[in-house]
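J.: Need coordinates for the following:
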Amino acid sequence: MPRVASSCVVIACGLLVLLIPTEIFAQQTSTSSHLLQRNSPPSYAPPPTTTLNPSIMQSGNRSPSDAKRPEAPAADPIKQNAAERNLNRSLTNDASTRTNQAAVVNSLSNNAESRIGESISKPGEQPVGEVNNSQQDMLRLDDVIASLYRSFPVIQQATLERNRAAGQIVGAYGAYDTKLQGYSLSEPTGFYRNYRNGIGVARQTWWGTYLSAGYRVGRGDFPTWYKERETNNGGEFKLAMEVPLLQGRAIDAQRVGVFQASLAQQAAEPLIQQAILNSSAEAASAYWEWISAGAVWKAQRELLALAETRGEQFEIGFKADKYAEIDLIFNQQLIAERRAKAFESEQKFRATGFKLSIFLRDEAGQPMVPDDAWLPEYFPEAQPVPTDDYSQDLAAALSRRPEPMLLRLEIQNINFDRQLANNNLLPRLDMITEASQDTGKPASTSNDKGRFELMVGVQGEVPLQRRYARGKIQETTAKIAQLNEKLRLQQDKIGAELQTAHNALVVSLQVIQQAELSLRTATETLSRYRFGFDRGKVDLIYINLLESKVNETEIKLVEAQRNSFAALTAMQAALGLDPMDQAMLISSLPMSKRPGPGHLPTPKPLQADQFDRDWKRHTDPNKNP
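T.: Sure, this is the predicted structure:
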């Protein structure tokens, strides 16, 4: 009986080991095993402050993973005026944030929360083309980005990567599940009639050891060569252990599966960040296109209005025999041409609004076409670009951008496969231990099963060529080399993106200055020719050419401002800055006071005698008036 009790204690200890959670071993391994050490992923913490544009990027040292996103608000009907929307719509902060960039989409900055409601509320109806832009009614860039964070499908799809990766890691730990095993076998006919039943548990431990423990009972008549199937009347308790000594000891396929699932979980955050950066850049581009198209449409309507007003004057003058019929007909031609241009620009404006609606969504997540009344009258004031440190900006961009992070994680993933292949070069050598004890009345007079039984030994195998392991090592080594080259190329591309965006930003500001100067001089020239037209010194053809030239330079200034902010968006995306922070900074800039549609520069007043002297110099430079 003492031997039976001690044997039961040993078997009970084995059962206890089977129930220890595998995660405990996994946590210990991540800090102790030299084979599992791997480079920590680059932190998204702010690098040295970037000085590209202090007024635009000064608080943009965060990556999108640091942004805070509120919970989606409860459904609320769209309000019809700005006052109602401010009183009836609000958003709440997300109660929890993930660390190490886990909150790329889970949170937005607090200042953005108060703007999300405004971005998806429809202001009061106003006639098309008669836009009354107040600071409150107009659609701002941070409204669009806030709506994007909350319900854009691409970002929502990316956030689900967390759930997929979490499921993958749960499935990887399934290799260490405790298995309940059992059987019931009977031979009720024939010369040897017997009955066998058994139940037990088994599992693989974190370090590759396979443990099993169980109870079985075998009764009846057994042939001599199957006497091991027979047990005493009380049955047999058994504990078995198989320990790898070479192959499978330091690392095995099950542990590699867990490590790779953990890497997939780490890759979820850069994937979300990548979705935010790309989607925000597209949304900002669509927003600036929408503002630009609206300004161009307004400029074309203004040009059309000039011809229509002049046409009314010509009709009155023709009836009074003041103007010739040819002038009236020519002006009607101008009206038709300019009206067609206005229709084309309106079509483009509508198209940009439809494109912007992909990113601008209501509370239900449905696309929302921006109203004409939301169109800002001016671009924000373009800020000067100070001299920057390219190497510092490049280092900051490489630490924030998700593409290098994803490639490094992929390299780590392949490196685990290479470690496993190196381990598979070793022979398979396992130590086997089995302990068993029968209980109850002896099954035979010799009581040959009554004693405690212990078996200890080793078994092994090794493929002589070991081609599978060597081939896998060659494959994974080449794959890692490929990824390293891809990483180097990606870093070069980021550097090129920075240089391209910075150059475009600098040049676009210079183009804005020259386009503004061109518009002011074109307006001044048109003013003088109109003065001459009123006095019969210039015909309508010259006026049409000059009005078209003013319209052309006006549109060029609009496009120059659009290109400037598009370059700024590209610069922010290249640096990997938080789109929500950058959008809020841009939206806080004062409105530009540059001339443009609806506010052309006022020409200098002209005196008749002064104009006559100047006109004589123009028509006959050799004649001194």
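J.: and the spatially most central residue of the chain, what helix or strand is that in?
T.: Geometric centre of the chain, nearest residue: Ala275, 1.7 Å, by Cα atoms, centre = their mean. Under the criterion of DSSP states H and E, Ala275 resides in helix 253-319.
J.: what does Ser446 give?
T.: Using DSSP H and E, Ser446 falls outside every helix and strand.
J.: Just give me the neighbour total for it.
T.: 8 (other Cβ atoms under 10 Å). Quick note: C-beta positions are derived from backbone N, CA and C, even for glycine.
J.: quick one on the thing from earlier: tell me the helices and strands packed up against the helix or strand just after the helix holding Ala275.
T.: Downstream of helix 253-319, the first helix or strand assigned by DSSP H and E is helix 325-357. Applying 3 or more Cβ pairs under 8 Å, 6 or more residues apart in numbering; DSSP states H and E, one finds that helix 325-357 makes contact with helix 253-319, helix 540-575.
J.: chain center to helix 325-357, what's the gap?
T.: What separates the centre of helix 325-357 from the centre of its chain is 39 Å, taken as Cα atoms, centre = their mean, to the nearest Å.
J.: repeat for stretch 570-582
T.: 12 Å.
J.: what's the span of it, first residue to last?
T.: 12 Å (Cα to Cα, to the nearest Å).
J.: and that stretch, what's its mean pLDDT?
T.: What stretch 570-582 shows for mean pLDDT is 93.
J.: Please work out how many residues are found near Pro605.
T.: 8.
J.: Next, give phi and psi for it.
T.: For Pro605, the backbone dihedrals are phi -70, psi 140 (criterion: degrees, to the nearest 10).
J.: For it, give me its contacts.
T.: Contacts for Pro605 (Cβ atoms under 8 Å, 6 or more residues apart in numbering) come out as none.
J.: Give the residue spans of the stretch 401-550 of the chain that score low on pLDDT.
T.: Across the stretch 401-550 of the chain, nothing is flagged by pLDDT under 70.
J.: Show me the strands in it, by range?
T.: Here the stretch 401-550 of the chain has its strands, by DSSP state E, counting those that start in this stretch, at 428-438, 453-461.
J.: Just say which of those is most tucked in.
T.: Ranked by mean neighbour count under mean count of other Cβ atoms under 10 Å, the strands of the stretch 401-550 of the chain are led by strand 428-438, which reaches a mean of 18.
J.: still on that earlier bit, redo the strands of the stretch 401-550 of the chain as CSV? Include distance to Gln156.
T.: Shown next, in CSV, are those (distance: least, Cβ to Cβ, whole Å):
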stretch, distance to Gln156
strand 428-438, 47
strand 453-461, 51
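J.: Tell me which of those lies nearest to Pro367.
T.: Closest of the strands of the stretch 401-550 of the chain to Pro367 is strand 428-438, at 59.6 Å (criterion: Cβ to Cβ).
J.: Give me the sheet partners of the closest one and which way each runs.
T.: Paired with strand 428-438 in the same sheet, following DSSP bridges, are strand 236-244 (antiparallel), strand 453-461 (antiparallel).
J.: would you turn those into TSV with distance to Met584?
T.: TSV is the format used below for these (distance: least, Cβ to Cβ, whole Å):
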stretch	distance to Met584
strand 236-244	57
strand 453-461	65
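J.: Which one, of those, ends up nearest to Arg528?
T.: Among the strands paired with strand 428-438, if distance is taken as Cβ to Cβ, the winner is strand 236-244, at 94.8 Å.
J.: Now that closest one - C-alpha only, PDB.
T.: Extracted C-alpha coordinates of strand 236-244, given in PDB (Å, rounded to 0.1, in the frame of the first residue of the first chain):
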ATOM      1  CA  GLU A 236      -3.900   0.900 -13.800                       C
ATOM      2  CA  PHE A 237      -2.800   4.500 -13.400                       C
ATOM      3  CA  LYS A 238      -0.100   5.600 -15.800                       C
ATOM      4  CA  LEU A 239       2.000   8.700 -16.400                       C
ATOM      5  CA  ALA A 240       4.200   9.200 -19.500                       C
ATOM      6  CA  MET A 241       6.600  11.900 -20.500                       C
ATOM      7  CA  GLU A 242       8.600  12.400 -23.800                       C
ATOM      8  CA  VAL A 243      11.300  15.100 -23.600                       C
ATOM      9  CA  PRO A 244      13.200  16.300 -26.700                       C
END
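J.: If we go by neighbour counts, what in it is buried?
T.: Residues of strand 236-244 classed as buried: Glu236, Phe237, Lys238, Leu239, Ala240, Met241, Glu242, Val243, Pro244 (neighbour count, 16 or more other Cβ atoms under 10 Å).
J.: same check, this time on stretch 501-510
T.: Ala501, His502, Ala504, Leu505, Val506, Ser508, Leu509.
J.: again with stretch 295-306
T.: Ala295, Val296, Trp297, Lys298, Ala299, Gln300, Arg301, Glu302, Leu303, Leu304, Leu306.
J.: Then stretch 578-593?
T.: Within stretch 578-593, the residues scored as buried using 16+ other Cβ under 10 Å are Asp578, Pro579, Met580, Asp581, Gln582, Ala583, Met584, Leu585, Ile586, Ser587, Ser592.
J.: From the opening residue of it to its closing one, how far?
T.: First-to-last residue span, stretch 578-593, Cα to Cα: 28 Å.
J.: again with stretch 591-610
T.: First residue to last in stretch 591-610 (Cα to Cα) measures 37 Å.
J.: tell me how far it is from the chain's mean position?
T.: In terms of Cα atoms, centre = their mean, the centre of stretch 591-610 is found 46 Å from the chain centre.
J.: May I see the buried residues of it?
T.: Within stretch 591-610, the residues that qualify as buried are Ser592, Arg594, Pro595, Gly596, Pro597, Leu600, Pro601, counting by 16+ other Cβ under 10 Å.
J.: Could you do stretch 278-289 as well?
T.: For stretch 278-289, by 16+ other Cβ under 10 Å, it's Asn278, Ser279, Ser280, Ala281, Glu282, Ala283, Ala284, Ser285, Ala286, Tyr287, Trp288, Glu289.
J.: Using PDB, write down the CA coordinates of it.
T.: Extracted in PDB, the C-alpha atoms of stretch 278-289 (Å, rounded to 0.1, in the frame of the first residue of the first chain):
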ATOM      1  CA  ASN A 278      -3.200  57.100 -47.000                       C
ATOM      2  CA  SER A 279      -6.900  57.700 -46.500                       C
ATOM      3  CA  SER A 280      -6.300  61.100 -44.900                       C
ATOM      4  CA  ALA A 281      -4.000  62.200 -47.700                       C
ATOM      5  CA  GLU A 282      -6.600  61.200 -50.200                       C
ATOM      6  CA  ALA A 283      -9.300  63.000 -48.200                       C
ATOM      7  CA  ALA A 284      -7.200  66.200 -47.900                       C
ATOM      8  CA  SER A 285      -6.500  66.100 -51.600                       C
ATOM      9  CA  ALA A 286     -10.200  65.800 -52.400                       C
ATOM     10  CA  TYR A 287     -11.000  68.700 -50.000                       C
ATOM     11  CA  TRP A 288      -8.600  71.000 -51.700                       C
ATOM     12  CA  GLU A 289      -9.800  70.000 -55.100                       C
END
